[in-house]
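Novice: Could you work out the structure for the sequence below:
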Amino acid sequence: MSFSSIASMLSAAQTSGQPLYAVIRDADCQENGYDAAASHRQIMALWTAMQQSSRQYCASDRSNSGLIGGDAARLRAAAESGRLLGGTYFQRVTEQALKVAECNACMKRIVAAPTAGSCGVLPAVLIPLAEERDVPEETILEALYIAAGFGQVTALRASVAGAEGGCQAEIGTASAMAAAALTHILGGTAQQCADAYAIALGNLLGLVCDPVAGLVEVPCVKRNVIGAVNAVSAANMAVAGITSRIPVDEVIDAMGEVGDALPVSLRETGLGGLAATPTGRQEAERIARAEH
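Specialist: Next up is the predicted model:
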């Protein structure tokens, strides 16, 4: 990748006078040998796939394990009854995160952003905002460039894999990407996008990866919700002028160091955390028996 830090991205944007998304897009084009039009088609295809991943949700679908399914529909019903806290956008963010993450557990097509296990976070914050505020599609695509660029730096400097860095590397990075994207859509500066990224990632530092039965289902689906909600909070803070006292690249490096320090039992092995609880073990045994 052309950039090894988010600071260098911000510097390039300031020096060139280009918007941050354009700097990231052009660097990607140069690295991969295609023009801006081809890049635009690719990012548009990803946005289309994200929207489709929400529309393909079916309340009656269940994962093969039986652990996942129907929760997004339950959330929608509760929201329509007026019993839930938060405004319409907040409720829809929660619903969308569940929808897309459930679709992944049910083996449907999703966009790994940055991973399949965290696929619900970006669509959760973008789809409701695009619909409720009638956000221009080009603005959404610009935001996706920023999210992708920042995510690439994180993959380079630390990790985006739960098996390597814990859930902080997956949901944490997805949440940070979503926060930066939201900040751009809300009219934030490049520096505010970086602050949102740092705040969101820092908030989830230390989150472990402890999938029951080794499946990307429990607690993974519901962690997409916390990643999305955290992203909204971080973006709001950044747009309000609240900064991260720790620079964004240092936050990324810290996440990598925390991931290295996590024991193997908390890095996607299903040997610790919720997976190691009595109920977690019982579910794993039940699923193993069913497979045989």
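Novice: helix/strand/coil for the nearest residue to Cys220 once chain neighbours are set aside?
Specialist: Spatial nearest neighbour of Cys220, excluding adjacent residues (Cβ to Cβ, 6 or more residues apart in numbering): Gly117 at 5.1 Å. C-betas here are computed from N, CA, C, even on glycine. Here Gly117 is recorded as helix under DSSP: H, G, I helix; E, B strand; the rest coil.
Novice: ranges for the helices of the protein?
Specialist: 6-16, 20-32, 36-55, 71-80, 88-105, 121-132, 137-157, 162-165, 167, 173-185, 190-203, 220-239, 248-261, 278-291 (DSSP state H).
Novice: Reformat the ones you listed as TSV; add mean pLDDT, distance to Arg62 and mean neighbour count.
Specialist: Putting these into TSV (pLDDT from 0 to 100; distance: least, Cβ to Cβ, whole Å; neighbours: other Cβ atoms under 10 Å) gives the following:
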stretch	mean pLDDT	distance to Arg62	mean neighbour count
helix 6-16	98	40	17
helix 20-32	96	38	19
helix 36-55	97	17	15
helix 71-80	98	11	16
helix 88-105	98	9	24
helix 121-132	97	21	25
helix 137-157	98	31	21
helix 162-165	98	23	22
helix 167	98	23	30
helix 173-185	98	24	32
helix 190-203	99	31	27
helix 220-239	98	12	24
helix 248-261	98	32	20
helix 278-291	96	13	13
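Novice: Out of these, which gets nearest to Val212?
Specialist: helix 278-291 (4.6 Å; Cβ to Cβ).
Novice: And the residue nearest the centre of the protein?
Specialist: By Cα atoms, centre = their mean, the mean C-alpha position of the chain lies nearest to Ala174, the distance being 2.3 Å.
Novice: Tell me who's in contact with it.
Specialist: 113-115, 118-119, 121-122, 224, 227 (Cβ atoms under 8 Å, 6 or more residues apart in numbering).
Novice: how far away is Leu205 from Ala254?
Specialist: 7 Å (Cβ to Cβ, to the nearest Å).
Novice: Isn't Thr183 up against Ile199?
Specialist: No - applying Cβ atoms under 8 Å, one finds Thr183 not in contact with Ile199, separated by 9.9 Å.
Novice: correct me, but Ala198 touches Ile242?
Specialist: No - the pair Ala198 and Ile242 does not pass the contact test of Cβ under 8 Å, sitting 10.9 Å apart.
Novice: Enumerate every residue touching the residue nearest to Cys220.
Specialist: 104, 162, 170-171, 216, 220.
Novice: Could you dump the residues you listed into CSV with distance to Val153 added?
Specialist: What follows is those, written out as CSV (distance: Cβ to Cβ, whole Å):
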residue, distance to Val153
Asn104, 24
Gly162, 19
Glu170, 16
Ile171, 18
Val216, 24
Cys220, 24
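Novice: Please list all residues in contact with the closest residue to Val251 other than its chain neighbours.
Specialist: Spatial nearest neighbour of Val251, chain neighbours left out: Ala198 (4.5 Å); criterion: Cβ to Cβ, 6+ apart. The contact partners of Ala198, taken as Cβ under 8 Å, 6+ apart, are 176, 244, 246-248, 251.
Novice: Name the nearest of the residues you listed relative to His40.
Specialist: Closest to His40, out of all of the contacts of Ala198 and judged by Cβ to Cβ, is Ala176, at 24.0 Å.
Novice: mind checking how far the closest one is from Ala196?
Specialist: Distance, Ala176 to Ala196, by Cβ to Cβ: 8 Å.
Novice: same check, this time on Ala78
Specialist: For Ala78, the distance to Ala196 - Cβ to Cβ - is 29 Å.
Novice: go on, Gly66?
Specialist: When Gly66 is compared with Ala196 (using Cβ to Cβ), they lie 37 Å apart.
Novice: ok, Ala158 - contacts?
Specialist: Neighbouring residues of Ala158 by Cβ under 8 Å, 6+ apart: 165, 169, 252-253, 255-256, 259.
Novice: coming back round to it: can you list residues touching both of Ala176 and Ala196?
Specialist: 231, 234.
Novice: Quick check: Gly149 touching Ile24?
Specialist: Yes - at 3.5 Å, Gly149 counts as touching Ile24 under the criterion of Cβ under 8 Å.
Novice: so what sits against both of the two?
Specialist: 3, 9.
Novice: one step back: max pairwise distance over the contacts of Ala174: which two?
Specialist: Among those, Pro114 and Asn224 lie farthest apart (Cβ to Cβ), at 12.7 Å.
Novice: What's the separation between the closest residue to Ser4 other than its chain neighbours and Ser5?
Specialist: Nearest non-adjacent residue to Ser4, counting by Cβ to Cβ, 6+ apart: Leu156, 6.1 Å away. As judged by Cβ to Cβ, Leu156 and Ser5 stand 9 Å apart.
Novice: Good, wrapping up.
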